[in-house]
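Chemist: how does the following fold in three dimensions:
(chains A, B and C)
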Amino acid sequence: MFPRHAWYVACTPDEFADKPLGRTVCGEQMVFYRDGAGRAVALEDYCPHRGAPLSLGRVCEGKLVCGYHGLAMGCDGKTVSMPSQRVDRFPHIRSFPCVERYGFIWVWPGDASLADLAKIEVLPWADNPEWAYGGGLYHIACNYRLMVDNLMDLTHETYVHASSIGQKEIDDTPCDTRVEGDEVITSRFMTGIKAPPFWRMALRMNDLPDDQLVDRWQICHFTLPSHVMIEVGVALAGKGGYDAQPEFKASTLVVDFITPETDTSIHYFWGMARNFKPRDASLTTQIRNGQGQIFAEDKDMLERQQANLLRWPDRRLLKLNIDAGGVHARRVIDRQIAAEKAVIAPLANARTATESVA
Amino acid sequence: MFPRHAWYVACTPDEFADKPLGRTVCGEQMVFYRDGAGRAVALEDYCPHRGAPLSLGRVCEGKLVCGYHGLAMGCDGKTVSMPSQRVDRFPHIRSFPCVERYGFIWVWPGDASLADLAKIEVLPWADNPEWAYGGGLYHIACNYRLMVDNLMDLTHETYVHASSIGQKEIDDTPCDTRVEGDEVITSRFMTGIKAPPFWRMALRMNDLPDDQLVDRWQICHFTLPSHVMIEVGVALAGKGGYDAQPEFKASTLVVDFITPETDTSIHYFWGMARNFKPRDASLTTQIRNGQGQIFAEDKDMLERQQANLLRWPDRRLLKLNIDAGGVHARRVIDRQIAAEKAVIAPLANARTATESVA
Amino acid sequence: MFPRHAWYVACTPDEFADKPLGRTVCGEQMVFYRDGAGRAVALEDYCPHRGAPLSLGRVCEGKLVCGYHGLAMGCDGKTVSMPSQRVDRFPHIRSFPCVERYGFIWVWPGDASLADLAKIEVLPWADNPEWAYGGGLYHIACNYRLMVDNLMDLTHETYVHASSIGQKEIDDTPCDTRVEGDEVITSRFMTGIKAPPFWRMALRMNDLPDDQLVDRWQICHFTLPSHVMIEVGVALAGKGGYDAQPEFKASTLVVDFITPETDTSIHYFWGMARNFKPRDASLTTQIRNGQGQIFAEDKDMLERQQANLLRWPDRRLLKLNIDAGGVHARRVIDRQIAAEKAVIAPLANARTATESVA
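Modeler: Sure, this is the predicted structure:
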């Protein structure tokens, strides 16, 4: 159960630079490639000839050519040609709305007629030369809601990431959660604390002393279908915290796109956007490697949490104040799923009527 | 669903030269070994004492001795002896009709009373000193019909085996399919083409020039239960093609025995028989290695095609002209399965009657 | 189906010396650790906050602290504390009766109110300085009854362990089985035989000649829930066999605790206790390594026997005289399971009544 009429990050362009990429998004098996104009395309990963996966094929003059018997598929899901065959009556396959933006490939697994580019998450930093971004992809065997919970309750940093970004003061400082339309925001502000190792490194990268007390903040933003952007940073203590002048602080944006593969697995696109030293590529690499190690620490916990929940399906999770971000995010998700059902039923009826007439 | 009253290739003698071999054929778990007279035997892989697999045992004076507690099984499925036990009332296990012929072990997984040695595929080349054979065995997670399809439609060579035997002219040249009783024959004749790498090598092996135009042929023969023999070759262009004199051509026979393990897996015995330089063992090895590499290219495609078909069980495969060989082969198979059902029902009734009397 | 109101060996202390241990016993997922007083504790491996496995946490001042968000669990299954939370209304998790004795951790997976320390298997040799013990743990994918059968019928040594402890005379010598309450005893006495390799080594370790005829014995004791202790030894022939004076014999006790994990898997704790050279640690290592190799030979047989029994659920196992030990042990087990059902039903009724009143 996930929102389907929504834009998800499906992959990054490098993943299908050399050959088509097969990937399942929201239970839909898809193949990604570029058409003749260089546009990203997402189709069902199924050749209408004999059911071979098109992702084992290759792209030839913008057509995806099946690697089994040479059927050439168009980006609209209609067969273009096949050696020595007439193809006009071949069955179509689904073509999923797909667009490249901000360095990611976005796909809409739901009803194509509802796809609206205006609904893609806006990433103001992504095309801004004053910002740099680095990230990666992890496959995790858990429901996407467990990862939303994880990111909306950062008290876990104290335990899961004790050696890098965790510190006792996160536990001790209450968070505040509010809902603005379909956005859920959980924030925590800590003042006059020692910076943990990751932030001491970030201070040094910003040419700031790493041995002074700091103010630290975490502001988690959940948006549909399942994105979490987290403003994180530290400022030298007493300089205004989150609102301090740039020369007194180190701050970044943690970027999380959580794309359901199945009900119990996700493609987790994680990354960090920063607006300091944006042209320092080796710094980007260094930060990505560090973040990659930290975020890998969640995988085992989430997968075994998922296994426990499957083992004990009747047990209820507690909903404490620290869980408020995840709880509200799940409500937004549930509301969206319910709204989609209300939309799909009339659509389905309308189509049946049309088909009856035709 | 496969023909059961039929002879399948189960294994090759080297596979149980040192110790018994456990293998499942048509869903029947079997153990293969040689009895005291050196004859190949196939029994249920189940010790009637405690259910241990007999294939973990060893052969002792022609009896298969269970590796758990020493029960000695006879080749008829009746226990011969067990240390300190009377065994005459031990339950029997199934003994499957089994015979060694042409360098293969053939087994009949269906009703033993219907087994008829005359029904074993005739391989005229197998015992002929003017011919040599080399081959191997692959385990592939697909239904056996998908492999029959694969071998009866060689247009896939252009895509799956592009660097060895594939060439565009296969696609461009129509094939002809005919049914003769239970045999299905698909043939394709190409004239005045360049030979692809594998055939250039074969020309050189036959002391023929490899840089001239050739005529090329592919004649696929499907026979029950699921064998495919393919006559393949090239002749120097204009010398008569398939009917050219031996000194102008290079030709071989591709041998494929497709033995169902389960509904979604096969033991695939592939090989090549040739009638040139039959005593050149290193040439046999060279050809086998080359063929093994080429045929391994099908495995991933077939396994993922199978996964797709399981994912979308309601979609129909297209039946194009190039698929005619597979389509007709499936009809022959289906007819055989239906005929077996018609035979088995009376048999089962007859037995019940007999047992009632007894 | 296993006895639940019983003490099972769950693990050894070294397994949770550094961090908590997650392990499933009789289908119950448990976590093992030491509380502040150093006592072994077994809890459900489930954090009541969000379902994370507590075994990924760490022990802090005797409390098990969840590795996800810091909930501190007490040894009674009640949450002790959680940063910035009131925890008095948090749901409890199960605490399993657990005790350390004889160098093992014992757990009672059934109703805690029925746990009785007096029911732990008595191991007289375990705390006796004249004895030494070495052992190990294997995970085997079979039902626990198959391992009981294995150990109560040692004719398998002749086949499975032919190169170490097996010998033809085991087959040739009848065994005697008797039942004493809930204990089943199978014994075999062989006289004037050659010692197999393992026992020749044991004779040398006891400073006895290894080239003379010996008397050999095997006395297997099954006790609930699924322990098998086997007295094994050899004496120089004619010196009294089992009753020979110590200077003429080499004997040990094979120790087997068979702990069900699921219906088709076990934690198999095997070992050997000896009363010669008990302070020779290198000898303990040497014996353990030898026994470990021998006992590993059973794993493949048992797992494939289990697979065969699942494949053919309707076939009955034979019950020969050599199987009498296992057959009687299963009867004792079945009687225990039936008795537990008779106890649990009233308990469950009583509780429902209490709850109705409350």
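Chemist: going forward, measure contacts between C-alpha atoms and count neighbours the same way
Modeler: OK.
Chemist: what comes up buried for stretch A:132-140?
Modeler: Going by neighbour count (16 or more other Cα atoms under 10 Å in any protein chain shown), the buried part of stretch A:132-140 is A:A132, A:Y133, A:G134, A:G135, A:G136, A:L137, A:I140.
Chemist: out of those residues, who's nearest chain B?
Modeler: Relative to chain B, the closest of the buried residues of stretch A:132-140 is A:I140; by Cα to the nearest Cα it sits at 21.7 Å.
Chemist: any idea what the closest one is bridged to?
Modeler: Counting by DSSP bridges, A:I140 is bridged to A:I266.
Chemist: pull the number of nearby residues for the closest residue to A:Q85 other than its chain neighbours.
Modeler: Closest residue to A:Q85 apart from its sequence neighbours, by Cα to Cα, 6 or more residues apart in numbering or on different chains: B:L320 at 7.9 Å. Applying other Cα atoms under 10 Å in any protein chain shown, we find 13 residues neighbouring B:L320.
Chemist: could you report the pLDDT at B:L320?
Modeler: What the model reports for B:L320 is a pLDDT of 94.
Chemist: quick check on the residue of the stretch 251-358 of chain A found nearest chain B: phi, psi?
Modeler: Using Cα to the nearest Cα, the point where the stretch 251-358 of chain A gets nearest to chain B is A:T262, with a distance of 13.4 Å. With angles defined as degrees, to the nearest 10, A:T262 sits at phi -130, psi -170.
Chemist: so who does it touch?
Modeler: By Cα atoms under 8 Å, 6 or more residues apart in numbering or on different chains, the contact list for A:T262 reads A:T24, A:V25, A:C26, A:G27, A:N143.
Chemist: what helix or strand is the residue of the stretch 201-350 of chain A found nearest chain C on?
Modeler: Residue nearest to chain C within the stretch 201-350 of chain A (Cα to the nearest Cα): A:Q305, separated by 4.4 Å. For A:Q305, the element it lies in under DSSP states H and E is helix A:281-311.
Chemist: next one: A:K277
Modeler: Going by DSSP H and E, A:K277 is not part of any helix or strand.
Chemist: count of neighbours near it?
Modeler: 14.
Chemist: residues touching it, list them.
Modeler: The contact partners of A:K277, by Cα under 8 Å, 6+ apart, come to A:A132, A:L283.
Chemist: now do it, the pLDDT please.
Modeler: Here the pLDDT value assigned to A:K277 is 93.
Chemist: repeat for A:V357
Modeler: What the model reports for A:V357 is a pLDDT of 40.
Chemist: how much space between the residue nearest to A:Q85 and C:W7?
Modeler: Using Cα to Cα, to the nearest Å, B:L320 is found at 67 Å from C:W7.
Chemist: ok, now A:E28?
Modeler: Per Cα to Cα, A:E28 is found 49 Å from C:W7.
Chemist: give me the neighbour count for the residue lying closest to A:G38 once chain neighbours are set aside.
Modeler: Nearest non-adjacent residue to A:G38, counting by Cα to Cα, 6+ apart: A:G62, 7.8 Å away. Using other Cα under 10 Å, A:G62 is surrounded by 18 other residues.
Chemist: ok, A:G62 touching A:R39?
Modeler: No - if you go by Cα atoms under 8 Å, A:G62 and A:R39 don't touch, sitting 9.3 Å apart.
Chemist: which one is A:H328 nearest to, not counting chain neighbours?
Modeler: Of all residues not flanking A:H328 in the chain, A:V184 sits nearest, at 6.6 Å (Cα to Cα, 6+ apart).
Chemist: contacting residues around that neighbour?
Modeler: A:V184 neighbours (Cα under 8 Å, 6+ apart): A:T177, A:R178, A:C220, A:H221, A:F222, A:T223, A:G325, A:H328, A:A329.
Chemist: quick check, the first one in a strand?
Modeler: The one in question is A:T177. Yes - under DSSP: H, G, I helix; E, B strand; the rest coil, A:T177 sits within a strand.
Chemist: shouldn't it be in contact with A:Q218?
Modeler: No - A:T177 is beyond contact range of A:Q218, at 11.7 Å (criterion: Cα under 8 Å).
Chemist: so what sits against both of the two?
Modeler: Contact criterion Cα under 8 Å, 6+ apart; residues shared by A:T177 and A:Q218: A:S187.
Chemist: number of nearby residues for the residue in the stretch 51-200 of chain A that chain C sits nearest to?
Modeler: Residue nearest to chain C within the stretch 51-200 of chain A (Cα to the nearest Cα): A:H156, separated by 4.7 Å. Using other Cα under 10 Å, A:H156 has 22 neighbouring residues.
Chemist: hang on, the earlier thing: more crowded one of A:E28 and C:W7?
Modeler: Neighbour count, other Cα under 10 Å: between A:E28 and C:W7, C:W7 has more, with 27 against 17.
Chemist: and the nearest residue to that one once chain neighbours are set aside, its phi and psi?
Modeler: Excluding its sequence neighbours, the residue lying closest to C:W7 (Cα to Cα, 6+ apart) is C:W108, at 4.7 Å. Here is the backbone geometry of C:W108 (degrees, to the nearest 10): phi -110, psi 100.
Chemist: residue contacts, C:W108?
Modeler: C:W108 sits next to C:R4, C:H5, C:A6, C:W7, C:Y8, C:F96, C:P97, C:C98, C:A115 when contact means Cα under 8 Å, 6+ apart.
Chemist: so the residue lying closest to A:G57 once chain neighbours are set aside, which state does it fall into?
Modeler: The shortest distance from A:G57 to any non-neighbouring residue, by Cα to Cα, 6+ apart, is to A:G67 (3.8 Å). Secondary structure assignment for A:G67 (three-state DSSP): coil.
Chemist: you'd agree A:G67 is up against A:G51?
Modeler: No - if you go by Cα under 8 Å, A:G67 and A:G51 don't touch, sitting 11.3 Å apart.
Chemist: show me where the stretch 151-300 of chain A has helices.
Modeler: Counting by DSSP state H, counting those that start in this stretch, the stretch 151-300 of chain A has helices at residues A:157-160, A:168-172, A:197-205, A:281-311.
Chemist: tell me what A:R274 is bridged to.
Modeler: Residues in a beta bridge with A:R274, per DSSP bridges, are A:A132, A:T252.
Chemist: let me see the contact set for the residue nearest in space to the middle of chain A.
Modeler: The residue lying closest to the centre of chain A (Cα atoms, centre = their mean) is A:F257, at 1.2 Å. Shown in contact with A:F257 (Cα under 8 Å, 6+ apart): A:Y8, A:V9, A:S226, A:H227, A:V228, A:Y268, A:F269, A:W270.
Chemist: what's the answer for A:I333, then?
Modeler: Going by Cα under 8 Å, 6+ apart, the list of residues near A:I333 reads A:F2, A:P3, A:L224, A:P225.
Chemist: look up how far A:D111 lies from it.
Modeler: Look at A:I333 and A:D111: by Cα to Cα, they are 18 Å apart.
Chemist: what's near enough to touch A:E130?
Modeler: By Cα under 8 Å, 6+ apart, A:E130 lies in contact with A:N275, A:F276, A:P278.
Chemist: low pLDDT regions in chain A?
Modeler: A:344-358 (pLDDT under 70).
Chemist: write out the residues of it neighbouring chain B.
Modeler: A:46, A:48-53, A:56, A:67-70, A:83-85, A:90 (Cα under 8 Å from any Cα of the partner chain).
Chemist: if we use 7 Å, what do you get?
Modeler: A:H49, A:R50, A:G51, A:A52, A:P53, A:G67, A:Y68, A:H69, A:G70, A:P83, A:S84 (Cα under 7 Å from any Cα of the partner chain).
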